[in-house]
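Here's a sequence, model it:
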Amino acid sequence: MKKLATFSVAAFTAAAISLALNAQSSGASEPVVAGQTPPDLVNALHTAFGEHHARAVHTKGVMFEGVFTPDPAARAITSAPIFSGGALPVMARFSLFAGIPDIPDTAGPAQPTGLALKIKAADGTDYDLASDQHNGFIVATSDEFAAFLRAVGASGANVPHPTPVEQFLSTRPISQHFLATLTSPASYATAAYFGINSFKWTNAQGKSVFVRYQYVPRAGEHYLKPEELKTKTPNYLQDEIVDRIARGPVIFDWYAQIAEPGDKIEDPSIAWPDTRRRVKLGTFTMTRRPADIASADKQTFYLVGQPHPGIEAADPMLILRNTAYPISFGQRQ
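Now for the predicted structure:
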């Protein structure tokens, strides 16, 4: 088999293998099984990262409260009520990717970091958003993602090469590119975040567009070089953001990137071109930790595919995410 050439792919693979709890395998490649169910996906996450009473993925994180201030421009593309009034309360959560509660911030599977946001509408409705610090996803479908996770879990330290995860990656150049282009932010506050899945937005006149979300840091983007990352502590991201918000608010501007004909609506592994038009939707301002941090982290979860007036899921992966998250939520109660 052709050797995986990029250092980032090899580094991720080695780190994922060392962290996987299921190390017994014959080295056979994990097949992509069609029609994966929400329990299948949650079980695949635990196969890769271990069983624990916490989130199955993006387990290590830190939460903040703040406000969402809508931008009037949003009303041109959606009738969603949250864009028709004033500021609304928000619960935000920055996190590391892997489903490992004590993973070091410097480890390979910590990336891409994530940002989840819960807007509380005036009528009490939750508008939930989730994004990653990478424009695009490692695979195109939920079935492929489950197969990737099972391959990680089957690629323990004693498994001969090519391991299942190496076999999985060797035939997927998009997955290799994803891993090779991951970056480590200097701060949760200095990373751009991307909603990898597509939504259909409809305005009051009945006109629809397909969108993906982007979150741009007011502090500017700043990522670490590999040699800089080596000097950081295992909790540098969490420690830095807590200290930063104690000194002043952290602000992100929210944009909708508008699809054009030919853009992949149902394939999150393909990023849309940067030339696509963007519409500013509003601003998130994070100012403080929750009063009861432990309770907030245990009781808050994000249903990112939930439909709302003027907003509905366009990528099938959102439907599976929306039904898998409550399973993980129940397991940590």
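
any idea which element the nearest residue to residue 270 once chain neighbours are set aside lies in?
Nearest residue to residue 270, sequence neighbours excluded (C-beta to C-beta, 6 or more residues apart in numbering): residue 264, at 4.2 Å. C-beta: built from backbone N, CA, C; applies to glycine. Per DSSP states H and E: residue 264 is located in neither a helix nor a strand.

now swap in residue 116 and tell me
Using DSSP H and E, residue 116 falls in strand 114-120.

Can you give me the buried ones in stretch 239-255?
240, 241, 244, 245, 249, 250, 251, 252, 253, 254, 255 (16 or more other C-beta atoms under 10 Å).

all strands in the stretch 101-250 of the chain, in order from the N-terminus.
Secondary structure of the stretch 101-250 of the chain, counting by DSSP state E, counting those that start in this stretch: strands at 114-120, 126-132, 184-185, 193-194, 199-202, 208-217, 223-224, 250-258.

Output the ones you listed in JSON lines, with distance to residue 39 and mean pLDDT appended to each entry.
Formatted as JSON lines, the strands of the stretch 101-250 of the chain follow (distance: least, C-beta to C-beta, whole Å; pLDDT from 0 to 100):
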{"stretch": "strand 114-120", "distance to residue 39": "22", "mean pLDDT": "98"}
{"stretch": "strand 126-132", "distance to residue 39": "20", "mean pLDDT": "97"}
{"stretch": "strand 184-185", "distance to residue 39": "33", "mean pLDDT": "98"}
{"stretch": "strand 193-194", "distance to residue 39": "28", "mean pLDDT": "98"}
{"stretch": "strand 199-202", "distance to residue 39": "25", "mean pLDDT": "98"}
{"stretch": "strand 208-217", "distance to residue 39": "28", "mean pLDDT": "98"}
{"stretch": "strand 223-224", "distance to residue 39": "36", "mean pLDDT": "98"}
{"stretch": "strand 250-258", "distance to residue 39": "32", "mean pLDDT": "98"}
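
Output these as CSV; include the columns distance to residue 84.
Putting the strands of the stretch 101-250 of the chain into CSV (distance: least, C-beta to C-beta, whole Å) gives the following:
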stretch, distance to residue 84
strand 114-120, 13
strand 126-132, 13
strand 184-185, 33
strand 193-194, 25
strand 199-202, 14
strand 208-217, 18
strand 223-224, 36
strand 250-258, 16
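
Tell me which of these approaches residue 296 most closely.
strand 114-120 (10.4 Å; C-beta to C-beta).

who does that closest one touch, helix- and strand-wise?
Where contact means 3 or more C-beta pairs under 8 Å, 6 or more residues apart in numbering; DSSP states H and E, strand 114-120 is packed against strand 61-70, strand 88-95, strand 126-132.

and of those, who's closest to residue 229?
Per C-beta to C-beta, nearest to residue 229 of these: strand 88-95, 17.2 Å.

Go through the closest one and flag the buried ones.
So strand 88-95, judged by 16+ other C-beta under 10 Å, has buried residues 88, 90, 91, 92, 93, 94, 95.

Measure how that strand sits relative to strand 114-120, angle-wise.
Relative orientation of strand 88-95 versus strand 114-120 (axes from the mean of the first three to the mean of the last three C-alpha atoms, to 10 degrees): 160 degrees.

strands paired with strand 88-95, and their directions?
strand 61-70 (antiparallel), strand 114-120 (antiparallel) (DSSP bridges).

any chance of those strands in a markdown table, with distance to residue 222 too?
Listed next are these as a markdown table, based on distance: least, C-beta to C-beta, whole Å:
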| stretch | distance to residue 222 |
| --- | --- |
| strand 61-70 | 18 |
| strand 114-120 | 16 |
